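In: Show me how the following folds:
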Amino acid sequence: MSEFKVIETQEQLDAIIGERVKRAEKKAAEQYADYEDLKTKVSTYEQQIADLSGQLKDNETKQGEFSTQIEDLTNKVHEYETASVKTKVALELGLPYQLASKLSGDTEEAIREDAKKMAEFVAKPAAPMGELEPDQPDNGKDSALYDMARAIGKESY
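Out: Numbering: from 1, shown residues only. The predicted structure is shown next:
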């Protein structure tokens with residue numbers, strides 16, 4: 001170590017302090033030489049974070065919309081499949097097409113059971129009845145009697 005010298009003037013103090021300040025500035029300059037580069041990188045990264053945060057919010061909004069849309073489309077597909085099964089079962093069991101939408105159930109088995117119950121109540125149309133009377137005779141006398149009998153049958157009481 002060097003020997004201590006008493007500082008007697010302001011100039012001596014300024015010189016000593018100036019040297020010390022220069023050494024500290026030199027050391028700081030060496031130590032923090034890349035400070036401006038780091039500062040630029042930080043501002044660049046902060047801008048990228050802000051941009052990506054905005055994109056993330058937009059993507060979350062779009063994802064929510066897509067989820068809703070997928071749910072709606074899934075429900076529609078389920079409705080169409082159910083309607084198709086109802087129609088198929090109704091036609092298999094001889095129910096009119098118009099009654100297919102009245103069937104209830106979520107599975108084909110449940111729909112089939114409901115269709116069987118409904119088929120019990122739906123009357124099947126009877127075959128049209130033929131004329132029970134024999135053909136009208138060609139002669140005039142009998143033909144007049146047949147016309148008179150038909151006229152009596154059509155009268156309302």
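
In: any idea how far the biggest helix by length in the chain is from the chain center?
Out: Across the chain, the longest stretch assigned as helix under DSSP state H is helix 35-92. Centroid separation for helix 35-92 versus its chain: 10 Å, with C-alpha atoms, centre = their mean, to the nearest Å.

In: Equivalent analysis for stretch 77-95, please.
Out: 23 Å.

In: same thing with stretch 29-44?
Out: 50 Å.

In: List the contacts of Asp114.
Out: Contact analysis of Asp114 by C-beta atoms under 8 Å, 6 or more residues apart in numbering lists 103-105. The way it works is simple: take the backbone N, C-alpha and C, and place the C-beta from them, glycine included.

In: quick one: it and Leu103, what's the gap?
Out: Asp114 is 5 Å from Leu103, where distance means C-beta to C-beta, to the nearest Å.

In: swap in Ile49?
Out: Counting by C-beta to C-beta, the gap from Ile49 to Leu103 is 58 Å.

In: Between these two, which has more neighbouring residues?
Out: Taking other C-beta atoms under 10 Å, Ile49 and Leu103 do not tie; Leu103 has more neighbours (23 against 10).

In: Might one say that that one is in contact with Ala90?
Out: Yes. Under the criterion of C-beta atoms under 8 Å, Leu103 makes contact with Ala90 at 6.3 Å.

In: which residues are common contacts for those two?
Out: Ala115.

In: Show the contacting residues for Leu91.
Out: Counting by C-beta under 8 Å, 6+ apart, Leu91 makes contact with 97, 100.

In: Check what pLDDT Ala76 gets.
Out: Not Ala; residue 76 is Lys. With respect to pLDDT, Lys76 has a value of 97.

In: what's the pLDDT at Ala119?
Out: 86.

In: what's the closest non-adjacent residue to it?
Out: Leu93 (4.9 Å; C-beta to C-beta, 6 or more residues apart in numbering).
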